[in-house]
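[1] Model the structure of this input:
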Amino acid sequence: MRIAASILVGVILYLFGFFTSSMAVTANAWAFSDGELNDTGLVAVLLLFLVWGLVFLRHRWPWVPFVAGGLLTAGWGDALMLLIAIFHLVIRAPRRQAITASAVGTGLIAFSTLRMCLAPAEHNPFGIFFLPDSAQFTELEATIPPEDSHLAIRIITVAAGVIALCTALGVGALLRRTRRMRAVESIAEREAQRNESLTAEIARQSERELLARELHDTLSHRLSVISLHTGALEVGARTDPDVAATASALREEARASMEDLRHLVGGVRSGDLTDPRPGHGTSSPPSRATMSAIPELISSVASTGTVIRPLVVIQDVDSCPPALDRAAYRIVQEALTNAMKHAPNVPVTVDVAVSAARGIQISVSNPLPRGSAPVEVPPRPRYAPGSAREPGAGAPAQKWGPPGTNPEPHGAHLASTGSGSGLVGIRERAEMFGGDASIGVIGNEFHVQVSFRSFSPPN
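    Below is the predicted model of the structure:
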(Lines give C-alpha, C1' and ligand atoms only; values in the text may rest on other atoms or scores of the structure.)
Protein backbone atom coordinates (compact mmCIF):
# COMPACT_ATOMS: atom_id res chain seq x y z
CA MET A 1 0.00 0.00 0.00
CA ARG A 2 2.79 2.43 0.82
CA ILE A 3 4.59 1.70 -2.45
CA ALA A 4 1.36 2.07 -4.46
CA ALA A 5 0.55 5.35 -2.68
CA SER A 6 4.06 6.66 -3.35
CA ILE A 7 3.79 5.81 -7.05
CA LEU A 8 0.34 7.44 -7.29
CA VAL A 9 1.57 10.64 -5.63
CA GLY A 10 4.59 10.62 -7.97
CA VAL A 11 2.37 10.37 -11.04
CA ILE A 12 0.18 13.24 -9.82
CA LEU A 13 3.23 15.41 -9.12
CA TYR A 14 4.68 14.52 -12.53
CA LEU A 15 1.54 15.57 -14.43
CA PHE A 16 0.90 18.70 -12.39
CA GLY A 17 4.56 19.72 -12.48
CA PHE A 18 4.79 19.28 -16.23
CA PHE A 19 1.68 21.47 -16.63
CA THR A 20 3.05 24.27 -14.41
CA SER A 21 6.47 24.15 -16.09
CA SER A 22 4.80 24.40 -19.48
CA MET A 23 2.94 27.47 -18.26
CA ALA A 24 6.17 28.95 -16.94
CA VAL A 25 7.65 28.90 -20.43
CA THR A 26 5.90 32.25 -20.96
CA ALA A 27 8.47 33.84 -18.65
CA ASN A 28 11.21 33.25 -21.21
CA ALA A 29 11.29 35.61 -24.18
CA TRP A 30 13.73 33.35 -26.08
CA ALA A 31 11.03 30.68 -26.35
CA PHE A 32 8.72 32.88 -28.49
CA SER A 33 8.92 34.50 -31.89
CA ASP A 34 6.23 37.01 -32.89
CA GLY A 35 4.08 35.89 -29.95
CA GLU A 36 4.25 32.18 -30.88
CA LEU A 37 6.25 29.30 -29.44
CA ASN A 38 9.37 28.77 -31.58
CA ASP A 39 11.44 25.62 -32.11
CA THR A 40 13.67 26.37 -29.11
CA GLY A 41 10.67 26.70 -26.85
CA LEU A 42 9.18 23.48 -28.25
CA VAL A 43 12.38 21.55 -27.57
CA ALA A 44 12.48 23.01 -24.05
CA VAL A 45 8.91 21.89 -23.39
CA LEU A 46 9.70 18.37 -24.65
CA LEU A 47 12.71 18.22 -22.31
CA LEU A 48 10.34 18.79 -19.42
CA PHE A 49 9.05 15.23 -19.94
CA LEU A 50 12.48 13.89 -18.96
CA VAL A 51 13.25 16.47 -16.27
CA TRP A 52 10.05 15.82 -14.36
CA GLY A 53 10.80 12.10 -14.32
CA LEU A 54 13.32 12.96 -11.59
CA VAL A 55 10.41 13.59 -9.20
CA PHE A 56 10.22 9.80 -8.64
CA LEU A 57 13.67 9.98 -7.00
CA ARG A 58 12.46 12.34 -4.27
CA HIS A 59 12.49 9.68 -1.54
CA ARG A 60 15.79 7.92 -2.14
CA TRP A 61 17.90 10.69 -3.73
CA PRO A 62 16.22 14.06 -2.97
CA TRP A 63 19.34 16.00 -3.98
CA VAL A 64 18.81 15.01 -7.63
CA PRO A 65 15.42 16.76 -8.00
CA PHE A 66 16.82 19.59 -5.84
CA VAL A 67 19.57 20.32 -8.37
CA ALA A 68 17.17 19.98 -11.32
CA GLY A 69 14.59 22.16 -9.57
CA GLY A 70 17.23 24.78 -8.80
CA LEU A 71 18.15 24.98 -12.51
CA LEU A 72 14.47 25.30 -13.47
CA THR A 73 13.96 28.01 -10.86
CA ALA A 74 16.99 30.05 -11.91
CA GLY A 75 16.60 29.77 -15.68
CA TRP A 76 12.98 28.83 -16.25
CA GLY A 77 11.04 30.56 -13.52
CA ASP A 78 9.37 27.35 -12.25
CA ALA A 79 10.10 26.51 -8.58
CA LEU A 80 7.69 23.58 -8.03
CA MET A 81 10.30 20.81 -8.34
CA LEU A 82 12.65 22.76 -6.08
CA LEU A 83 9.91 23.08 -3.46
CA ILE A 84 9.21 19.32 -3.62
CA ALA A 85 12.91 18.56 -3.16
CA ILE A 86 13.23 21.01 -0.24
CA PHE A 87 10.21 19.36 1.42
CA HIS A 88 11.78 15.89 1.29
CA LEU A 89 15.23 17.11 2.29
CA VAL A 90 13.81 18.84 5.37
CA ILE A 91 12.10 15.58 6.35
CA ARG A 92 14.85 13.05 5.64
CA ALA A 93 18.25 14.75 5.31
CA PRO A 94 20.62 15.37 8.24
CA ARG A 95 20.14 18.63 10.05
CA ARG A 96 23.03 20.46 8.38
CA GLN A 97 22.02 19.34 4.89
CA ALA A 98 18.39 20.30 5.54
CA ILE A 99 19.43 23.80 6.66
CA THR A 100 21.72 24.20 3.63
CA ALA A 101 19.01 23.08 1.20
CA SER A 102 16.46 25.39 2.84
CA ALA A 103 18.78 28.40 2.63
CA VAL A 104 19.80 27.76 -0.98
CA GLY A 105 16.20 27.04 -2.02
CA THR A 106 14.93 30.18 -0.32
CA GLY A 107 17.52 32.28 -2.15
CA LEU A 108 16.68 30.76 -5.54
CA ILE A 109 12.93 31.22 -5.03
CA ALA A 110 13.46 34.85 -3.91
CA PHE A 111 15.59 35.50 -7.00
CA SER A 112 13.00 33.90 -9.31
CA THR A 113 10.14 35.83 -7.69
CA LEU A 114 12.02 39.14 -7.97
CA ARG A 115 12.88 38.45 -11.61
CA MET A 116 9.21 37.76 -12.44
CA CYS A 117 8.11 40.94 -10.67
CA LEU A 118 10.60 43.04 -12.68
CA ALA A 119 9.85 41.32 -15.99
CA PRO A 120 7.15 42.63 -18.34
CA ALA A 121 3.65 41.52 -17.38
CA GLU A 122 3.25 39.49 -20.59
CA HIS A 123 6.16 37.25 -19.44
CA ASN A 124 4.64 36.53 -16.02
CA PRO A 125 2.80 33.18 -15.85
CA PHE A 126 0.20 34.67 -13.47
CA GLY A 127 -0.67 37.28 -16.12
CA ILE A 128 -2.85 34.67 -17.83
CA PHE A 129 -5.53 35.37 -15.21
CA PHE A 130 -5.71 39.03 -16.26
CA LEU A 131 -5.82 38.78 -20.07
CA PRO A 132 -8.54 40.91 -21.74
CA ASP A 133 -11.22 39.66 -24.08
CA SER A 134 -9.48 38.80 -27.33
CA ALA A 135 -12.44 40.07 -29.37
CA GLN A 136 -11.71 43.68 -28.38
CA PHE A 137 -8.02 43.66 -29.34
CA THR A 138 -5.75 42.38 -32.04
CA GLU A 139 -4.18 38.94 -31.68
CA LEU A 140 -0.91 40.37 -30.32
CA GLU A 141 -2.60 42.72 -27.87
CA ALA A 142 -4.73 39.87 -26.52
CA THR A 143 -1.61 38.30 -24.91
CA ILE A 144 -0.71 41.45 -22.94
CA PRO A 145 -2.45 42.04 -19.57
CA PRO A 146 -3.93 45.51 -19.00
CA GLU A 147 -1.67 48.04 -17.36
CA ASP A 148 -3.92 48.46 -14.32
CA SER A 149 -3.45 44.74 -13.46
CA HIS A 150 0.36 44.82 -13.23
CA LEU A 151 0.38 45.53 -9.49
CA ALA A 152 -2.05 42.68 -8.81
CA ILE A 153 0.10 40.32 -10.87
CA ARG A 154 3.19 41.23 -8.83
CA ILE A 155 1.31 40.80 -5.54
CA ILE A 156 0.06 37.37 -6.63
CA THR A 157 3.59 36.39 -7.69
CA VAL A 158 5.09 37.38 -4.34
CA ALA A 159 2.25 35.76 -2.37
CA ALA A 160 2.51 32.53 -4.35
CA GLY A 161 6.27 32.34 -3.74
CA VAL A 162 5.99 33.06 0.01
CA ILE A 163 3.07 30.66 0.58
CA ALA A 164 4.70 27.84 -1.40
CA LEU A 165 8.05 28.25 0.37
CA CYS A 166 6.49 28.48 3.85
CA THR A 167 4.32 25.44 3.14
CA ALA A 168 7.29 23.34 2.01
CA LEU A 169 9.47 24.38 4.95
CA GLY A 170 6.75 24.35 7.62
CA VAL A 171 5.11 21.05 6.73
CA GLY A 172 8.52 19.45 6.20
CA ALA A 173 9.75 20.62 9.61
CA LEU A 174 6.53 19.40 11.25
CA LEU A 175 6.84 15.93 9.71
CA ARG A 176 10.53 15.83 10.61
CA ARG A 177 9.69 16.62 14.21
CA THR A 178 6.90 14.02 14.20
CA ARG A 179 9.28 11.35 12.90
CA ARG A 180 11.85 12.31 15.47
CA MET A 181 9.29 12.10 18.27
CA ARG A 182 8.20 8.67 17.07
CA ALA A 183 11.81 7.52 17.01
CA VAL A 184 12.33 8.89 20.53
CA GLU A 185 9.15 7.17 21.75
CA SER A 186 10.28 3.90 20.16
CA ILE A 187 13.69 4.17 21.84
CA ALA A 188 12.06 5.06 25.14
CA GLU A 189 9.71 2.08 24.88
CA ARG A 190 12.61 -0.27 24.16
CA GLU A 191 14.57 1.15 27.08
CA ALA A 192 11.54 0.79 29.36
CA GLN A 193 11.15 -2.84 28.35
CA ARG A 194 14.86 -3.39 28.86
CA ASN A 195 14.70 -1.77 32.31
CA GLU A 196 11.72 -3.94 33.25
CA SER A 197 13.58 -7.02 32.07
CA LEU A 198 16.68 -6.03 34.03
CA THR A 199 14.60 -5.29 37.14
CA ALA A 200 12.92 -8.68 36.92
CA GLU A 201 16.27 -10.38 36.36
CA ILE A 202 17.76 -8.59 39.38
CA ALA A 203 14.79 -9.69 41.49
CA ARG A 204 15.14 -13.28 40.31
CA GLN A 205 18.88 -13.17 40.96
CA SER A 206 18.26 -11.91 44.50
CA GLU A 207 15.78 -14.72 45.08
CA ARG A 208 18.27 -17.26 43.73
CA GLU A 209 21.01 -15.88 45.97
CA LEU A 210 18.74 -16.08 49.02
CA LEU A 211 17.68 -19.63 48.16
CA ALA A 212 21.28 -20.69 47.53
CA ARG A 213 22.40 -19.25 50.88
CA GLU A 214 19.58 -21.00 52.70
CA LEU A 215 20.35 -24.32 51.02
CA HIS A 216 24.04 -24.03 51.81
CA ASP A 217 23.62 -22.85 55.40
CA THR A 218 20.91 -25.41 56.20
CA LEU A 219 22.27 -28.58 54.63
CA SER A 220 26.02 -28.09 54.38
CA HIS A 221 26.56 -28.18 58.14
CA ARG A 222 24.38 -31.26 58.68
CA LEU A 223 26.02 -33.19 55.85
CA SER A 224 29.47 -32.29 57.14
CA VAL A 225 28.56 -33.53 60.62
CA ILE A 226 27.18 -36.78 59.16
CA SER A 227 30.36 -37.28 57.17
CA LEU A 228 32.55 -36.72 60.25
CA HIS A 229 30.52 -39.07 62.44
CA THR A 230 30.45 -41.84 59.83
CA GLY A 231 34.19 -41.45 59.34
CA ALA A 232 34.72 -41.83 63.07
CA LEU A 233 32.37 -44.82 63.11
CA GLU A 234 34.29 -46.46 60.27
CA VAL A 235 37.57 -46.03 62.12
CA GLY A 236 36.12 -47.27 65.42
CA ALA A 237 34.40 -50.33 63.93
CA ARG A 238 37.37 -51.99 62.26
CA THR A 239 36.68 -55.17 64.22
CA ASP A 240 33.21 -55.45 62.72
CA PRO A 241 33.44 -55.60 58.91
CA ASP A 242 29.69 -55.14 58.42
CA VAL A 243 29.52 -51.99 60.50
CA ALA A 244 32.67 -50.62 58.85
CA ALA A 245 31.25 -51.30 55.39
CA THR A 246 27.99 -49.59 56.32
CA ALA A 247 29.84 -46.59 57.75
CA SER A 248 32.00 -46.38 54.64
CA ALA A 249 28.90 -46.40 52.44
CA LEU A 250 27.30 -43.69 54.57
CA ARG A 251 30.42 -41.55 54.42
CA GLU A 252 30.55 -41.93 50.62
CA GLU A 253 26.90 -40.94 50.36
CA ALA A 254 27.51 -37.91 52.56
CA ARG A 255 30.44 -36.88 50.37
CA ALA A 256 28.38 -37.33 47.21
CA SER A 257 25.53 -35.37 48.80
CA MET A 258 27.95 -32.53 49.51
CA GLU A 259 29.00 -32.52 45.87
CA ASP A 260 25.36 -32.52 44.75
CA LEU A 261 24.59 -29.70 47.16
CA ARG A 262 27.55 -27.70 45.83
CA HIS A 263 26.32 -28.21 42.28
CA LEU A 264 22.75 -27.33 43.29
CA VAL A 265 23.81 -24.11 44.99
CA GLY A 266 25.96 -23.11 42.02
CA GLY A 267 23.14 -23.87 39.59
CA VAL A 268 20.60 -21.90 41.61
CA ARG A 269 22.89 -18.88 41.76
CA SER A 270 23.73 -18.91 38.04
CA GLY A 271 20.22 -19.81 36.92
CA ASP A 272 21.33 -22.66 34.61
CA LEU A 273 20.42 -25.61 36.83
CA THR A 274 17.92 -27.24 34.44
CA ASP A 275 19.80 -26.62 31.21
CA PRO A 276 23.55 -26.48 31.72
CA ARG A 277 25.32 -24.83 28.83
CA PRO A 278 28.18 -26.51 27.02
CA GLY A 279 31.50 -25.58 28.49
CA HIS A 280 29.96 -24.11 31.64
CA GLY A 281 31.86 -25.39 34.62
CA THR A 282 30.03 -27.32 37.31
CA SER A 283 31.17 -28.46 40.69
CA SER A 284 29.49 -31.85 40.38
CA PRO A 285 31.01 -34.60 38.23
CA PRO A 286 28.87 -35.52 35.20
CA SER A 287 28.51 -39.13 36.39
CA ARG A 288 26.42 -38.04 39.37
CA ALA A 289 23.29 -36.90 37.49
CA THR A 290 23.14 -38.70 34.14
CA MET A 291 21.66 -41.97 32.98
CA SER A 292 25.18 -43.37 32.73
CA ALA A 293 25.33 -43.11 36.53
CA ILE A 294 22.21 -45.22 37.12
CA PRO A 295 24.27 -48.39 37.79
CA GLU A 296 26.31 -46.43 40.35
CA LEU A 297 23.06 -45.20 41.91
CA ILE A 298 21.74 -48.76 42.16
CA SER A 299 24.99 -49.93 43.76
CA SER A 300 24.78 -47.09 46.26
CA VAL A 301 21.25 -48.08 47.27
CA ALA A 302 22.20 -51.77 47.42
CA SER A 303 25.05 -50.94 49.78
CA THR A 304 22.47 -49.89 52.39
CA GLY A 305 21.14 -53.44 52.53
CA THR A 306 18.23 -53.00 50.16
CA VAL A 307 17.83 -55.90 47.74
CA ILE A 308 17.85 -54.58 44.15
CA ARG A 309 16.94 -56.64 41.10
CA PRO A 310 18.25 -54.48 38.23
CA LEU A 311 17.92 -54.80 34.48
CA VAL A 312 19.61 -51.77 32.90
CA VAL A 313 20.22 -51.41 29.15
CA ILE A 314 21.51 -47.96 28.17
CA GLN A 315 22.41 -47.00 24.57
CA ASP A 316 22.92 -43.72 22.69
CA VAL A 317 22.98 -41.79 25.96
CA ASP A 318 25.40 -39.27 24.46
CA SER A 319 22.75 -38.18 21.95
CA CYS A 320 20.15 -37.54 24.64
CA PRO A 321 19.47 -33.87 25.50
CA PRO A 322 21.22 -32.98 28.78
CA ALA A 323 18.03 -31.84 30.52
CA LEU A 324 16.20 -35.07 29.64
CA ASP A 325 19.25 -37.11 30.67
CA ARG A 326 19.23 -35.46 34.08
CA ALA A 327 15.44 -35.84 34.44
CA ALA A 328 15.59 -39.61 33.79
CA TYR A 329 18.30 -40.01 36.43
CA ARG A 330 16.28 -38.03 38.97
CA ILE A 331 13.17 -40.13 38.27
CA VAL A 332 15.02 -43.37 39.01
CA GLN A 333 16.59 -41.79 42.08
CA GLU A 334 13.24 -40.61 43.46
CA ALA A 335 11.56 -43.96 42.75
CA LEU A 336 14.29 -45.79 44.69
CA THR A 337 14.08 -43.27 47.53
CA ASN A 338 10.34 -43.74 47.67
CA ALA A 339 10.73 -47.54 47.85
CA MET A 340 13.31 -47.31 50.65
CA LYS A 341 11.07 -44.96 52.63
CA HIS A 342 7.77 -46.80 52.44
CA ALA A 343 8.75 -50.40 51.69
CA PRO A 344 11.90 -51.11 53.68
CA ASN A 345 13.50 -54.57 53.68
CA VAL A 346 11.62 -55.69 50.56
CA PRO A 347 13.27 -56.30 47.17
CA VAL A 348 13.01 -53.60 44.51
CA THR A 349 12.93 -54.36 40.78
CA VAL A 350 14.49 -51.72 38.52
CA ASP A 351 14.13 -51.95 34.74
CA VAL A 352 15.69 -49.18 32.62
CA ALA A 353 15.88 -49.33 28.83
CA VAL A 354 17.36 -46.39 26.90
CA SER A 355 17.93 -46.04 23.15
CA ALA A 356 17.62 -43.25 20.61
CA ALA A 357 15.06 -45.19 18.56
CA ARG A 358 12.78 -46.42 21.37
CA GLY A 359 13.27 -43.61 23.86
CA ILE A 360 13.50 -44.05 27.63
CA GLN A 361 11.51 -46.70 29.53
CA ILE A 362 11.74 -46.70 33.33
CA SER A 363 10.00 -49.18 35.65
CA VAL A 364 10.56 -49.42 39.41
CA SER A 365 8.38 -51.80 41.45
CA ASN A 366 8.35 -53.37 44.87
CA PRO A 367 6.00 -55.75 46.75
CA LEU A 368 3.66 -54.12 49.23
CA PRO A 369 4.72 -54.46 52.88
CA ARG A 370 2.70 -56.63 55.21
CA GLY A 371 -0.64 -55.14 56.20
CA SER A 372 -1.03 -52.83 53.21
CA ALA A 373 -4.12 -52.97 51.01
CA PRO A 374 -3.81 -53.12 47.24
CA VAL A 375 -5.73 -49.91 46.57
CA GLU A 376 -5.06 -47.84 43.45
CA VAL A 377 -3.35 -44.57 44.34
CA PRO A 378 -4.91 -41.59 42.50
CA PRO A 379 -2.57 -38.89 41.24
CA ARG A 380 -2.18 -35.93 43.55
CA PRO A 381 -3.22 -32.52 42.22
CA ARG A 382 -0.29 -30.42 41.13
CA TYR A 383 1.01 -28.29 44.01
CA ALA A 384 -1.83 -29.57 46.18
CA PRO A 385 -1.54 -28.56 49.81
CA GLY A 386 -1.48 -31.10 52.56
CA SER A 387 0.90 -32.95 54.75
CA ALA A 388 0.01 -36.53 53.81
CA ARG A 389 3.01 -38.71 53.25
CA GLU A 390 3.86 -40.14 49.83
CA PRO A 391 1.64 -43.06 48.90
CA GLY A 392 4.85 -45.01 48.08
CA ALA A 393 3.87 -48.46 49.21
CA GLY A 394 0.41 -47.48 50.34
CA ALA A 395 0.69 -48.37 54.06
CA PRO A 396 2.69 -47.48 57.15
CA ALA A 397 5.88 -49.37 57.64
CA GLN A 398 5.63 -52.38 59.95
CA LYS A 399 8.11 -53.29 62.64
CA TRP A 400 9.32 -56.87 62.50
CA GLY A 401 12.46 -58.82 63.11
CA PRO A 402 13.83 -61.95 64.66
CA PRO A 403 11.92 -63.55 67.52
CA GLY A 404 12.40 -61.83 70.76
CA THR A 405 13.35 -58.54 69.21
CA ASN A 406 11.42 -55.71 67.66
CA PRO A 407 13.97 -53.62 65.81
CA GLU A 408 12.88 -50.84 63.52
CA PRO A 409 13.49 -51.90 59.93
CA HIS A 410 16.05 -50.03 57.89
CA GLY A 411 14.38 -46.95 56.45
CA ALA A 412 11.16 -47.24 58.47
CA HIS A 413 11.84 -44.03 60.32
CA LEU A 414 11.84 -42.22 56.96
CA ALA A 415 8.27 -43.15 56.13
CA SER A 416 6.86 -40.26 58.12
CA THR A 417 9.01 -37.70 56.29
CA GLY A 418 7.19 -37.97 52.97
CA SER A 419 5.10 -35.00 51.83
CA GLY A 420 3.89 -36.38 48.52
CA SER A 421 6.12 -34.06 46.51
CA GLY A 422 8.41 -36.83 45.26
CA LEU A 423 5.81 -38.60 43.12
CA VAL A 424 4.42 -35.24 42.04
CA GLY A 425 7.95 -34.34 40.92
CA ILE A 426 8.12 -37.54 38.85
CA ARG A 427 4.87 -36.67 37.11
CA GLU A 428 6.01 -33.09 36.50
CA ARG A 429 9.30 -34.19 34.98
CA ALA A 430 7.43 -36.61 32.70
CA GLU A 431 5.01 -33.88 31.59
CA MET A 432 7.81 -31.37 31.09
CA PHE A 433 9.50 -33.56 28.46
CA GLY A 434 6.35 -34.98 26.87
CA GLY A 435 6.49 -38.34 28.59
CA ASP A 436 3.91 -40.54 30.29
CA ALA A 437 3.92 -41.46 34.00
CA SER A 438 1.91 -44.22 35.65
CA ILE A 439 2.18 -44.47 39.45
CA GLY A 440 0.12 -46.74 41.65
CA VAL A 441 -0.62 -50.22 42.96
CA ILE A 442 -1.00 -53.10 40.50
CA GLY A 443 -1.90 -56.38 42.19
CA ASN A 444 0.33 -56.74 45.22
CA GLU A 445 3.08 -54.44 43.94
CA PHE A 446 3.61 -50.72 43.82
CA HIS A 447 4.78 -49.58 40.36
CA VAL A 448 6.39 -46.41 39.04
CA GLN A 449 6.45 -46.51 35.25
CA VAL A 450 7.68 -43.60 33.12
CA SER A 451 8.29 -43.53 29.38
CA PHE A 452 9.63 -40.86 27.05
CA ARG A 453 9.34 -40.87 23.29
CA SER A 454 12.36 -41.50 21.13
CA PHE A 455 15.10 -38.88 20.92
CA SER A 456 17.07 -38.47 17.71
CA PRO A 457 20.83 -38.16 17.82
CA PRO A 458 22.18 -34.78 16.64
CA ASN A 459 23.29 -34.42 13.03
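[2] for Ile298, phi and psi?
    Backbone dihedrals for Ile298, given as degrees, to the nearest 10, come out at phi -60, psi -40.
[3] Just list the residues touching it, thanks.
    308, 310, 312, 336, 350 (CB atoms under 8 Å, 6 or more residues apart in numbering). For the C-beta atoms, the positions are set from N, CA and C on the backbone; glycine is no exception.
[4] any idea which of those is the one closest to Leu13?
    Taking CB to CB as the measure, Leu13 lies nearest Val312 of the contacts of Ile298, at 80.0 Å.
[5] Isn't that closest one up against Val352?
    Yes. Between Val312 and Val352 there is a contact at 4.7 Å, judged by CB atoms under 8 Å.
[6] In the chain, where's the longest helix?
    helix 150-236 (DSSP state H).
[7] Overlap in contacts, Val312 and Val352.
    Ile294.
[8] More neighbours: which of the two?
    Val352 (23 against 15; other CB atoms under 10 Å).
[9] Tell me the first helix or strand C-terminal of the lowest-mean-pLDDT helix or strand in the chain.
    Within the chain, no helix or strand scores below strand 32-33, which has a mean of 70 by mean pLDDT, DSSP states H and E. On the C-terminal side of strand 32-33, the closest following helix or strand by DSSP states H and E is strand 36-37.
[10] Direction included, what does that next one pair against?
    Note on strand 36-37: by DSSP bridges, its sheet partners are strand 32-33 (antiparallel).
[11] Tell me which stretches of the chain form strands.
    According to DSSP state E, the chain carries its strands in the segments 32-33, 36-37, 308-314, 348-355, 359-367, 436-442, 445-452.
[12] For the nearest residue to Ser220 once chain neighbours are set aside, give its distance to Thr337.
    Once flanking residues are discounted, Ser220 sits nearest to Leu261: 6.3 Å by CB to CB, 6 or more residues apart in numbering. According to CB to CB, to the nearest Å, Leu261 and Thr337 sit 16 Å apart.
[13] Please apply the same query to Ala168.
    81 Å.
[14] cool, and Ala237?
    On the measure of CB to CB, Ala237 and Thr337 end up 26 Å apart.
[15] can you check Ala437 too?
    16 Å.
[16] Give the residue spans of the stretch 151-300 of the chain that score low on pLDDT.
    Along the stretch 151-300 of the chain, the parts satisfying pLDDT under 70 run over 218, 221, 238, 271-288.
[17] Show me the domain layout of the chain.
    2-145, 291-395+411-459 (automatic domain parsing).
[18] With distance to Ser206 added, can I get these in JSON lines?
    Formatted as JSON lines, those follow (distance: least, CB to CB, whole Å):
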{"stretch": "domain 2-145", "distance to Ser206": "45"}
{"stretch": "domain 291-395+411-459", "distance to Ser206": "23"}
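[19] For Ile202, find the nearest of those.
    That would be domain 291-395+411-459 among the domains of the chain, by CB to CB, at 25.5 Å.
[20] Pull the contacting residues for the nearest residue to Ala31 once chain neighbours are set aside.
    Closest residue to Ala31 apart from its sequence neighbours, by CB to CB, 6+ apart: Gly41 at 3.0 Å. For Gly41, the contact set (CB under 8 Å, 6+ apart) comprises 25, 28, 30-32.
[21] Greatest separation within those residues: which pair is it?
    Val25 and Trp30 (10.0 Å).
[22] So Ser102 is in contact with Val90, correct?
    Yes. Counting by CB under 8 Å, Ser102 does reach Val90; the two are 6.4 Å apart.
[23] Quick check on the two: which one has the bigger neighbour count.
    Taking neighbours as other CB under 10 Å, Ser102 and Val90 compare with Val90 leading, 25 against 19.
[24] Can you read off the pLDDT for that one?
    On pLDDT, Val90 comes in at 91.
[25] With adjacent residues omitted, what lies nearest to it?
    Excluding the flanking residues, the one nearest Val90 by CB to CB, 6+ apart is Gly172, at 3.2 Å.
[26] Could you check how far the one you found is from His88?
    7 Å.
[27] Now list whatever residues contact both of those two.
    Between them, Gly172 and His88 share no contacting residue, judged by CB under 8 Å, 6+ apart.
[28] Ala168 and Thr337: who's more crowded?
    Neighbours were counted for Ala168 and for Thr337 using other CB under 10 Å; Ala168 has more, 25 against 17.
[29] ok so, going back, tell me if I'm right that the residue nearest to Val90 and Ala93 touch.
    No. The pair Gly172 and Ala93 fails to qualify as a contact (CB under 8 Å) at a distance of 9.9 Å.
[30] which residues touch the residue nearest to Val90?
    Per CB under 8 Å, 6+ apart, neighbours of Gly172: 86-91.
[31] Would you mind checking the residues you listed for buried ones?
    By neighbour count, with 16 or more other CB atoms under 10 Å, those hold 86-91 as buried.
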